Structures are given as C-alpha cells and as structure tokens.
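>>> here is the input, now give the coordinates:
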Amino acid sequence: MYGEQGASDEQILKVAEMSNALTFIESNVEDLDKEQRKTKNSEDLVKEIKKLSSSQIKTLASAELNEIQTALLLQVLKKADSVALKFIEEAPAAFMKQLDEDSLVPGMKWDDLVLNFEWSFELEKILAFE
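Residues are numbered from 1 along each chain as shown. Okay, here's the model as predicted:
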C-alpha cells in the first residue's frame with residue numbers, strides 16, 4: 001500500500017495539491033466520460049478567459065485545441081503568475097507553439113509548460129539583444 005496510513009486530511013490535501021492532483025480529485029472528473037470531460041474543460045476554459053483583460057490571451061481561446069491542450073491552457077490561466085501571463089501576452093503565437101509541442105509529451109504538467117515557455121521566451125530576448 002502507498003502513502004502514510006496515519007496521514008491527516010490536511011496532509012493529504014497538501015500532498016494532493018503539490019502533485020497537481022487536487023483539482024482532479026475534487027472535480028469528480030473520473031465520473032465523466034470522455035465527451036463530458038471535454039465539454040467541462042471547454043466550458044471552464046471559456047469562464048477563465050472571460051476573467052482576462054488581455055485581448056491577446058483571449059485570442060488563444062479561438063485556436064482549435066485538442067483535449068490535452070485545452071486542459072493545459074485551462075490550468076495555465078488558472079494558476080500561472082502575472083509574470084508568466086505577461087510573457088504570454090507579449091508572445092501569444094510563441095506560447096501556442098510551445099503548447100502544441102509540449103502537449104505531445106506524455107504527463108506534461110501546466111507548470112512545466114510555463115517554465116519551458118518562459119525559458120524559450122527569455123532565450124529569444126537574449127539572442128535578440130546580442
């Protein structure tokens with residue numbers, strides 16, 4: 001058996017959040033079939049996009065996204081900090097390219113996607129400066 005038998009609810013919640021599993025656990029998404037999950041993610045993405053002020057980030061939603069890309073973009077919009085969102089605003093096409101590439105990697109997490117994009121974004125700035 002995995003885990004700690006005597007773990008408190010607080011410890012379990014903390015570990016679930018650290019492993020990016022809390023949203024999944026709380027969503028009861030496992031009770032949904034594939035089409036229902038896709039619809040739920042799309043609806044959630046629309047809600048997150050409506051909260052944004054940047055027209056450039058809103059444009060991202062108009063792209064044709066598969067289920068994995070939708071889930072990753074949704075997590076980025078919900079959880080990314082203002083610095084990451086600013087980078088995305090400055091280079092939405094580059095972010096979409098990174099999303100396309102990273103969504104092909106099995107097990108890709110939203111924060112890895114953001115880190116990859118930030119590194120690429122900063123590298124481009126450095127190379128342009130030289």
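
>>> show me where pLDDT drops low in this structure?
1-4, 9, 12-34, 52-62 (pLDDT under 70).

>>> now do the strands in it.
Counting by DSSP state E, the chain forms no strands at all.

>>> quick one, longest helix in it?
helix 110-129 (DSSP state H).

>>> what's the distance between Met108 and Leu72?
7 Å (Cβ to Cβ, to the nearest Å). (C-beta placed from N, C-alpha, C; glycine too.)

>>> more crowded one of those two?
Leu72 (22 against 17; other Cβ atoms under 10 Å).

>>> what sits against the more buried one?
The contact partners of Leu72, taken as Cβ atoms under 8 Å, 6 or more residues apart in numbering, are Leu99, Asp102, Ser103, Met108, Trp110, Leu113.

>>> repeat the analysis, applying 7 Å as the threshold.
The contact partners of Leu72, by Cβ atoms under 7 Å, 6 or more residues apart in numbering, come to Leu99, Ser103, Met108, Trp110, Leu113.

>>> just checking, the second one touches Gln69?
Read it as Ser103. Yes: assessed by Cβ atoms under 7 Å, Ser103 is found in contact with Gln69 at 4.7 Å.
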